[in-house]
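> Sharing a model that was predicted from the sequence below.
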Amino acid sequence: MASDDQRDSAPDLRILGDRITLTPSGFVEPALSAEGKEEALMKHMARFRSEPLRFLRELSLYLSGSGWRAYDDFVGQPIFYSGFSDHIKTQIMSATLLQTKIVQLADARVDVEEKEGRFGNGDEKDAVVRKAQRRATVVQSLQELAEKWTDDMICKFESKHFIRGAYYLVTQLLLRAYHQGIHVSSEEVLRLRAVAAEAAKKKQSIIFLPCHRSHVDYVSLQLLCYRLGLALPVVVAGDNLNFPVVGSFLQHAGAMYIRRSFGDDQLYTTLVQAYIDVMLQGGYNLECFIEGGRSRTGKLLPPKFGILSFVLDSLLSGRVEDAIICPVSTQYDKVIETEGYVTELLGMPKKKENLTDFLTGGSSVLSLKLGRVDVRFHEPWSLRGFINEQISRLSKIPTAIEINWKDMNNQALRQKLLRTLGYKVLADINAVSVVMPTALIGTVLLTLRGRGVGRAELIRRVDWLSHRVLAKGGRVAHFGNAPTAEVIERGLEVLGKDLVGVVDGLAERTYFAVDRFQLSFYRNMTIHLFISEALVAAALYTRVKQGGGPAIQDIPYKDLMDQVFFLSSLFRGEFIYSGEGLATNLEKTLLGLEADNVILIERDELGNMSKIGLSGAERAVGRENFDFYCFLIWPFIEASWLAAVSLMGLSPPRGQKNDIWVPVSKAQESAQLLGKTLYHQGDLSYFEAVNKETLKNSYQRFEEEGIIQVVKSKDARVPPRLRIAPEWRPDRDEKTQSLLASGRLWDFTEKIASSRREGKNRRDGATVSTRVVKLTDELGRKLFEEALRGEDTKGKGKGKGKGVAAPARLSVEEERNLNRNMAEQKRRRRLEGRAHL
């Protein structure tokens, strides 16, 4: 699996315990003991039961701070000294931004109380005194509250003895599970250290922006920074992790805790901004996850702009001169949490973190052999340079709305910069991501027709996929000169028989996917490389599925382009596209597929593309390459189709005077129930289509396009509610009141369906327009009934203030807010000027 380019690339660093080993890029030494087990961990990490003297010696080296363990000569600003937390807290509390906000809030509170007559109608001088006293009291209360929140929030780098012991403990635990260690590129590490040294001189922060697939992400990055001599970053973490014992441990190891949602709390929002300012002004490193939460699907999630907006505000306001952005990719042979992800994606509620689950969950994986962790660092870049470049570019682009792109307080500018920044970071992460053997195996198993695959064919297709990844500019963890068969065996061992089964006793050893849902997590780690080809294949499939000869299956270029643009817009929230633009990207993709002999392009007398079809060579090999691209995208097409079909049932009954608003979560749960039913009845090809996250993304996309309208209450206990936009509602039969398979939403659903995989036991059209539409109508009626009865939140958190019934009707204020939001959405869509559904 090794190419010449890979063998010549910079070597990797393998970190196991005390040792850093220089190895060929991506190589793992296949040294096995007599029992056939990996020895690297046992060799480098002593265990008390087997080697008590060596174990105690290693522990004493960490506690005494011998050599690099002392963590004295790291690159970056001083941290881990007594009084560090008090120093940071003092700077936050004395920040002009925070003190100004406290005064504003106190003044606003006193003004309200004055209007309520709290200061009486007596002597004017006496009223002024009472107002001043009250104002001083409110300011003092806000100061105390801010100080308490600050203490709960900030990380507490206080003791080097603590961090030495923590490093040793966490390394022991992590490398028992990931027994082949943490791998990084030596070239990237050297570059990062050079950038860190320069940033330290200028007192600039490095902001690490990793992808987020596991809790191991932040652990591995902290371990790397410690071992490689870089100042540990302050890690932005949700306060859901701040539970007894573990919360304090993480806080002293670098975690800063923030609420999952700020709401309208101006004081808390300003406090977080002041903390970010203090860190960036002091040149302290920062780490936050660009996706917000962990990806349950294996691929990158759309960017979340919370912390990034604070960072950007620090620079745009001039309070901070510059910061360095470093996108980070963390890849795993196997992610510890995938089994839990599956239960969540199938609709089970996420469990709240607690100490018991943390301890039992940790101990259960210590005996596993999960392979290795690969961490890759993109070349760091200046955030100030990015801002200047974007402002210069935007100033040259004409817009339908007059905008001053150089006004740093302009909200349109800030939103544009945030969005561009977020997607650039995601693209950079994808660019340096390494495709692991488990991802190659999972992708092959889920993109082949048939129940299973023979060993020889599995090896051939993994080889083919590896070369396709490299041809697309991706990276493959190729393990030096190890033969493909050996790499596959290792990957199968890591995945385990719960995910990939094997049938022996046949003419050839045959492998099959046991848990396709969980295995899709690993397939999704490769899909970003081939999304353009997948969209083209799905568009071409609208003709290929019709059967007949090549002439019938060929598609006019314009029809193909329309379907590709439609699908790419449909999945705008799912995938990261090239920044070159849809038209340019489509042309490059078609030319690439033509060069690979997958498609045949007919051109007119001017040389323009006129018709696209499968090549003779592709037909001769049974469409295996074309099918590969289709199989990648089909589960997502199924999910979008399911989400669109589920909306049909949200059409209100005839004669309904006022709209009924249904909780968003209930509508999505109903869509998931519909999907499970259709899958077991044969009308849905992929069980992955009922994936909670993918359905949620589809609903979000429909909201962006105005297909559904969503209102959010100021009361955080009231869940968001939705309805179908009036212009998208399907009609009903006047006599039977049944839904009619016609109208704008039906046409939209049919356009998605045209690229769906044709099932063996079903056909599109009549089945959907009768039985499926009837089923979604029945589920929709139940939603309306529940909404009217207020049963959607009955009993949840009763007496605890956690939930109240969601009103089925809008208040006058909510109606006004809805109209304002609809107008804002239309304005934003005009401003963005992108392809729409």
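Structure received. None of these values were measured; they are calculated from a predicted model.
> from here on, contacts and neighbour counts on C-alpha atoms
Fine.
> Where does pLDDT dip in the stretch 401-550 of the chain?
The model of the stretch 401-550 of the chain has pLDDT under 70 over residues 401-402, 404-405, 478-480.
> now the helices: where do they sit in it?
Ranges of helices in the stretch 401-550 of the chain, per DSSP state H, counting those that start in this stretch, are 411-432, 437-445, 455-471, 484-495, 516-523, 531-544, 550-553.
> would CSV of these with distance to residue 748 be doable?
Below are the helices of the stretch 401-550 of the chain laid out as CSV (distance: least, Cα to Cα, whole Å):
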stretch, distance to residue 748
helix 411-432, 27
helix 437-445, 30
helix 455-471, 33
helix 484-495, 39
helix 516-523, 27
helix 531-544, 15
helix 550-553, 23
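> May I see these organised as JSON lines, with mean neighbour count and distance to residue 336 added?
Output for the helices of the stretch 401-550 of the chain, formatted as JSON lines (neighbours: other Cα atoms under 10 Å; distance: least, Cα to Cα, whole Å):
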{"stretch": "helix 411-432", "mean neighbour count": "19", "distance to residue 336": "21"}
{"stretch": "helix 437-445", "mean neighbour count": "26", "distance to residue 336": "13"}
{"stretch": "helix 455-471", "mean neighbour count": "17", "distance to residue 336": "24"}
{"stretch": "helix 484-495", "mean neighbour count": "18", "distance to residue 336": "11"}
{"stretch": "helix 516-523", "mean neighbour count": "24", "distance to residue 336": "12"}
{"stretch": "helix 531-544", "mean neighbour count": "24", "distance to residue 336": "27"}
{"stretch": "helix 550-553", "mean neighbour count": "14", "distance to residue 336": "44"}
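> closest one to residue 723 among those helices?
Residue 723 lies closest to helix 411-432 among these, at 26.7 Å (Cα to Cα).
> which residues are contacting that closest one?
Counting contacts by Cα atoms under 8 Å, 6 or more residues apart in numbering, the residues outside helix 411-432 that touch it are 209-211, 290, 300, 302-305, 308-309, 312, 327-329, 376-378, 387, 390, 403, 405, 407-408, 473-475, 528, 576, 578.
> One more pass at 7 Å, please.
With contacts defined as Cα atoms under 7 Å, 6 or more residues apart in numbering, helix 411-432 is touched by 303, 305, 309, 327-329, 376, 378, 405, 474, 576.
> least confident pick among these?
The lowest pLDDT within those belongs to residue 405, with 67.
> out of all of them, which helix in the chain is the longest?
helix 124-153 (DSSP state H).
> how far out from the middle of the chain is that one?
41 Å (Cα atoms, centre = their mean, to the nearest Å).
> dump the residue contacts of residue 694.
residue 639 are the contacts of residue 694 under Cα under 7 Å, 6+ apart.
> er, residue 167 actually
residue 223.
> hmm, back to that, among the contacts of helix 411-432, which two are most distant?
Between any two of the contacts of helix 411-432 (Cα to Cα), the greatest distance is 35.3 Å, for 405 and 474.
> and the residue nearest the centre of the chain, helix, strand or coil?
Central residue of the chain (Cα atoms, centre = their mean): residue 301, 2.5 Å from the mean position. The assignment at residue 301 comes out as coil when based on DSSP: H, G, I helix; E, B strand; the rest coil.
> so it makes contact with residue 293?
No: applying Cα atoms under 7 Å as the test, residue 301 and residue 293 come out as separate, 8.8 Å apart.
> Among the contacts of helix 411-432, which lie within strands?
Applying DSSP state E to the contacts of helix 411-432, the entries found in strands are 327-329, 376.
> returning to what we had before: ok now do the residue nearest to the centre of the chain, which residues does it touch?
Neighbours of residue 301 in contact, by Cα under 7 Å, 6+ apart: 291, 295, 574.
> Please export the C-alpha coordinates of whichever helix or strand comes after the longest helix of the chain as CSV.
Sequence-wise, the next helix or strand downstream of helix 124-153 (DSSP states H and E) is helix 160-177. Extracted C-alpha coordinates of helix 160-177, given in CSV (Å, rounded to 0.1, in the frame of the first residue of the first chain):
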residue,chain,number,x,y,z
LYS,A,160,3.8,21.3,37.9
HIS,A,161,3.7,18.3,40.3
PHE,A,162,0.1,17.8,39.4
ILE,A,163,0.6,18.0,35.7
ARG,A,164,3.5,15.6,35.8
GLY,A,165,1.5,13.1,37.6
ALA,A,166,-1.5,13.7,35.4
TYR,A,167,0.6,13.2,32.3
TYR,A,168,1.9,9.9,33.6
LEU,A,169,-1.6,8.6,34.7
VAL,A,170,-3.4,9.6,31.5
THR,A,171,-0.6,8.2,29.3
GLN,A,172,-0.8,4.9,31.1
LEU,A,173,-4.6,4.7,30.6
LEU,A,174,-4.7,5.9,27.1
LEU,A,175,-1.9,3.7,25.8
ARG,A,176,-3.5,0.6,27.3
ALA,A,177,-6.5,1.2,25.0
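> tell me the mean pLDDT over the helix or strand that helix 160-177 is followed by?
Following helix 160-177 in sequence order, the next helix or strand is strand 182-185 (DSSP H and E). Mean pLDDT, strand 182-185: 87.
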